[in-house]
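1. Quick one, fold the following:
(4 chains)
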There are 4 protein chains.
Amino acid sequence: MWLNASCFLEFQMSVPTPFLLMLRPRSGWQQWIAREEYVLSPSVPVVEFTDSFGNLCQRIVAPAGHFSVRTSVDIETAEASDTAPGAPFVEVQHLPNEALPFLYPSRYCESDRFTNMAASLVTGRISGYDQCSAIVDYIRDAIRYTPGDGQQIISASELNQLGHGVCRDMAHLGIACCRALSIPARMVVGYLEALEPMDLHAWFEAYVGNRWYTFDPTQTDLKGGRVAIAFGRDAADVAIYTQFGDPVELLNMDVRVQQMSGPPY
Amino acid sequence: MWLNASCFLEFQMSVPTPFLLMLRPRSGWQQWIAREEYVLSPSVPVVEFTDSFGNLCQRIVAPAGHFSVRTSVDIETAEASDTAPGAPFVEVQHLPNEALPFLYPSRYCESDRFTNMAASLVTGRISGYDQCSAIVDYIRDAIRYTPGDGQQIISASELNQLGHGVCRDMAHLGIACCRALSIPARMVVGYLEALEPMDLHAWFEAYVGNRWYTFDPTQTDLKGGRVAIAFGRDAADVAIYTQFGDPVELLNMDVRVQQMSGPPY
Amino acid sequence: MWLNASCFLEFQMSVPTPFLLMLRPRSGWQQWIAREEYVLSPSVPVVEFTDSFGNLCQRIVAPAGHFSVRTSVDIETAEASDTAPGAPFVEVQHLPNEALPFLYPSRYCESDRFTNMAASLVTGRISGYDQCSAIVDYIRDAIRYTPGDGQQIISASELNQLGHGVCRDMAHLGIACCRALSIPARMVVGYLEALEPMDLHAWFEAYVGNRWYTFDPTQTDLKGGRVAIAFGRDAADVAIYTQFGDPVELLNMDVRVQQMSGPPY
Amino acid sequence: MWLNASCFLEFQMSVPTPFLLMLRPRSGWQQWIAREEYVLSPSVPVVEFTDSFGNLCQRIVAPAGHFSVRTSVDIETAEASDTAPGAPFVEVQHLPNEALPFLYPSRYCESDRFTNMAASLVTGRISGYDQCSAIVDYIRDAIRYTPGDGQQIISASELNQLGHGVCRDMAHLGIACCRALSIPARMVVGYLEALEPMDLHAWFEAYVGNRWYTFDPTQTDLKGGRVAIAFGRDAADVAIYTQFGDPVELLNMDVRVQQMSGPPY
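-> Next up is the predicted model:
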């Protein structure tokens, strides 16, 4: 499936303000970027680097006044996300080193506090993929998905008490429960085709059956048409923009995802 | 200053259990390891790798029954930790890429919730080193240091409510406040000569004046004689051992640090 | 300066053939990529990874038959390359770790055989930038630049005997002489605006005065308008495509660089 | 098999001299270091870092006068090196990213010049491990092993003309021929128990059958008792010491390897 996905951000700043951006999806085994645009207006110097999760990050100082970021990609991605019911749990000693950081608790995924709850959610399930599915089923049932209502990032245990949240929060809860079972789980921020209402999206991946599989507690069917922008332990690692210093005003944010008839040529 | 530092851990396990260990200090610009021992008993295969913070980590599967780990180092380290009153704040755009992960909130350092408190603690201080000092002064005053009482790891905000904690918890609070001011701060686990009572220790480092400086809220004088074993965002990254699966019994833990008269030859 | 740079490669293969491509310039402190296209025809799965020099590399298996790669970038780059006559030599103990691999001899830069020659070329020059300039002056005088005549990659010492070569070979000689003086030097493959005849280009960078500076033995004036595609120790590290197995036919290669009136919006 | 391996280096310097050392073996899946000593005399500041091949490297400035380095390890290593006749060639598209740098020509392994020779050496052999064996058999027959006679490092093609060389040179030839067949091959520098005459040793590893296997053209039987100190593309990457500036005098070098009756406790 070919998609064009774009994100437009518009800020108003009173003073020059340092930003860290994470808006450049990378080609990988899951997706191929055939065309990309990344326009800063006004144009400012940018330094790009790769963080420890492999994300391309951009460092800028945005000038005082009006500032906008426009990114757009033409990308080939899978029609459907792979599923693997029955895929087995991977013993910790057999995990690749790269998966290990995703076993530990993190800012918004207090997996150290979910040992009992995770165990009870997966009673009777085969270790591995089916445990993750049981966790996702629980979240879909127990937590009301309230898109657009996510100004403050909340953690897995806060969400569990509150009972409703946005995609990011629901991913946190899924991740925390997986890690509590020694299943590596990581946050993905990206685009999802036909998401309603359209916005940036967040879901999670769990490492079972010797690879990462996609899980999305907000969707009853695990749809394809996904564009991964950034990977991390939780929302603290994958903010599409982080701004330092005095708060700035986000005037506008516009996200669009459209199917293309084919590759861009 | 030459030190011999050693750590002995003794476990009893009912089933073979995967472990991740982080007990091998690395030589660096701060310390030189002249002699090292690392003995597993019984001897089992070990895979060693470097994590994203540069720590040497060991992966093992400990057999059922009795299992012990004995590490010992002869190390040269500074008599006194460097201090730098007045050292300036480094604007985010001038930080090295490596310092950026230490700006974000993490599991036990919810810096996103400390914006107001950190600002009030440093009122009137010069930005940078002196802000860190003010934070450490506050922790020393407000939090009672209760070594030996730290079974459960608690976070900066939990410590702030509780009012007493161990070195690790106090470091969490210092880190959270620094990050809330956009000062990179990281956890250090290691040995400290003449610590009373002797145990593994934790403190933190903040990046000001273009380098990392040592801060230790548990000590009125910032003593030298430190041996850094591991660096990370908080206690979730730098556990000296992490055990997966059913809980195991730690029968014994013995930490010793002794001054040597000189290098080991 | 805004440039559009593009490279079109067309192959004919008798069997499916693994390729490693290095055709995706990265944004960095020197250049900002505002728009990029990378089209494989027919479309095949691609895995992208970052090599140890920071280059984005693409792994594909090209199908039997006709295969083409079309890449295009809109990029902002400097009007003029920085120069720094008099910039000092950096003592090896003060070099950043990242510069150290560029001190050693490599496949096409046998710096271990250039100790005497390099010393004689720089007699009387201030250590550092001016030594690099003297080396480049020598190459311009002693070696005839014969663009388009470079089927086989030759090494610094082979070029020195032969007396004529392409940009890549001349860069090898410059790198070998710099390294023989303990100055880190690295190969750059990229585009150069207004190069005559237009083609991909190669030049080198030397680390003096605490940063990398551009040197180009093929050009009497050190022109700006450069787009770095890949960095490495020599041509063995930075081939824009490496093909494994039976040789394939490169039917066509078309490189274009054009000035743009401004950013692409 | 438990070994104690040690290396003593003694230098005389007229001026302070920067050194890069690579004398600290790492624990890995192949070997476990239970005790280690690394003594510089006189004691000087050391900075340690990990290079892109995973080797621990030490940077020092040795003072004028007499300077010595003494390293010693107690290590557990395999009695016998694994062999795998018939293990298959791994198609380039299925190699792990980490193996790719070892496919390219390097300073002393001009694999680009060995295509025909390598093909002729392996005529009739099954692709993979057996091709490597055929290459090693050829080297053993065609090249006279002359330990102790290796002041200047020579390349694979130089060795092929000369007809005799040291372990390092013979490894270069093996590596060049493997890479010419698209088999990743890398240099190993280390200790070998019962080597005659005792010295540091070099051999190579080739990636076939989905892992690295050991090959040693200097030994008729592929003995175990190996301690890997450093890995690289060829001798240019793995010098146990590299000295910059005016040449220094190596007064003494003493290498010892002894079997231990068991672990050091």
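2. Do the helix or strand of chain A with the lowest mean pLDDT and chain D come into contact?
-> Within chain A, no helix or strand scores below strand A:47-50, which has a mean of 88 by mean pLDDT, DSSP states H and E. No - Strand A:47-50 is not in contact with chain D by CB under 8 Å from any CB of the partner chain; minimum separation 13.9 Å. In short, each C-beta sits where N, CA and C put it, glycine included.
3. where do the helices sit along chain A?
-> A:115-121, A:129-142, A:156-162, A:167-180 (DSSP state H).
4. And for the closest residue to chain D within chain A, the neighbour number?
-> Residue nearest to chain D within chain A (CB to the nearest CB): residue A:96, separated by 10.3 Å. Counted with other CB atoms under 10 Å in any protein chain shown, the neighbours of residue A:96 add up to 12.
5. With residue A:66 instead?
-> 13.
6. Report the spatially closest residue to it, excluding sequence-adjacent ones.
-> residue A:12 (5.9 Å; CB to CB, 6 or more residues apart in numbering or on different chains).
7. thinking again about what came up before, what's the most buried one of the helices of chain A?
-> helix A:167-180 (a mean of 28; mean count of other CB atoms under 10 Å in any protein chain shown).
8. Residue A:50 touches residue A:22, doesn't it?
-> No - between residue A:50 and residue A:22 there is no contact under CB atoms under 8 Å: 10.9 Å.
9. So which of the helices of chain A is nearest residue A:88?
-> helix A:129-142 (7.7 Å; CB to CB).
10. Could you list the alpha-carbon positions for the closest one in PDB?
-> Presented in PDB, the C-alpha positions along helix A:129-142 are these (Å, rounded to 0.1, in the frame of the first residue of the first chain):
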ATOM      1  CA  TYR A 129       1.700 -13.700  21.500                       C
ATOM      2  CA  ASP A 130      -1.500 -14.900  23.100                       C
ATOM      3  CA  GLN A 131      -0.600 -13.200  26.400                       C
ATOM      4  CA  CYS A 132      -0.200  -9.900  24.500                       C
ATOM      5  CA  SER A 133      -3.600 -10.400  22.800                       C
ATOM      6  CA  ALA A 134      -5.200 -11.000  26.200                       C
ATOM      7  CA  ILE A 135      -3.700  -7.800  27.500                       C
ATOM      8  CA  VAL A 136      -4.900  -5.800  24.500                       C
ATOM      9  CA  ASP A 137      -8.400  -7.300  24.900                       C
ATOM     10  CA  TYR A 138      -8.500  -6.200  28.500                       C
ATOM     11  CA  ILE A 139      -7.500  -2.700  27.600                       C
ATOM     12  CA  ARG A 140     -10.100  -2.400  24.900                       C
ATOM     13  CA  ASP A 141     -12.800  -3.600  27.400                       C
ATOM     14  CA  ALA A 142     -11.700  -1.700  30.500                       C
END
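11. tell me the mean pLDDT over that helix?
-> Mean pLDDT, computed over helix A:129-142, is 98.
12. quick one: residue A:192 from residue A:10, how far?
-> 22 Å (CB to CB, to the nearest Å).
13. same check, this time on residue A:221
-> 33 Å.
14. more crowded one of these two?
-> The residue with more neighbours, out of residue A:221 and residue A:10, is residue A:10; 16 against 8, by other CB under 10 Å.
15. show me the residues around the residue of the stretch 51-200 of chain A found nearest chain C that make contact.
-> Closest to chain C within the stretch 51-200 of chain A is residue A:76: 6.7 Å, counting by CB to the nearest CB. By CB atoms under 8 Å, 6 or more residues apart in numbering or on different chains, the contact list for residue A:76 reads A:1-3, A:31-32, A:34, A:263, C:43.
16. rerun at 7 Å
-> With contact set as CB atoms under 7 Å, 6 or more residues apart in numbering or on different chains, residue A:76 has these partners: A:2, A:31-32, A:34, C:43.
17. can you redo these as TSV with pLDDT and neighbour count?
-> Below are those laid out as TSV (pLDDT from 0 to 100; neighbours: other CB atoms under 10 Å in any protein chain shown):
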residue	pLDDT	neighbour count
A:2	95	17
A:31	90	20
A:32	91	24
A:34	92	22
C:43	88	13
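18. which one of those residues sits closest to chain B?
-> With CB to the nearest CB as the yardstick, the closest approach to chain B among the contacts of residue A:76 comes from residue A:31, at 23.4 Å.
19. how close does the closest one sit to residue C:19?
-> Distance from residue A:31 to residue C:19, by CB to CB: 19 Å.
20. what does residue A:81 give?
-> Taking CB to CB, one finds residue A:81 at 28 Å from residue C:19.
21. ok, the two, which is more surrounded?
-> When neighbours are counted by other CB under 10 Å, residue A:81 and residue C:19 differ, and residue C:19 comes out ahead with 25 against 20.
22. What residues are bridge-paired with the residue in the stretch 101-250 of chain A positioned nearest to chain C?
-> With CB to the nearest CB as the measure, residue A:228 is the residue of the stretch 101-250 of chain A nearest to chain C, at 12.4 Å. Beta bridges link residue A:228 to residue A:190 when assigned by DSSP bridges.
23. tell me the contacts of it?
-> Counting by CB under 7 Å, 6+ apart, residue A:228 touches A:25, A:30-31, A:188, A:190.
24. swap the cut-off to 8 Å and go again
-> A:25, A:28, A:30-31, A:188-190.
25. Among those residues, show me the least confident.
-> Among the contacts of residue A:228, residue A:28 has the lowest pLDDT, at 75.
26. so what's that one closest to, chain neighbours aside?
-> Nearest non-adjacent residue to residue A:28 (CB to CB, 6+ apart): residue C:48, at 5.8 Å.
27. for the one you found, which residues make a bridge with it?
-> With DSSP bridges applied, residue C:48 shows beta-bridge pairing to residue C:58.
28. That one contacts residue A:26, correct?
-> Yes - taking contacts as CB under 8 Å, residue C:48 lies within contact range of residue A:26: 6.2 Å.
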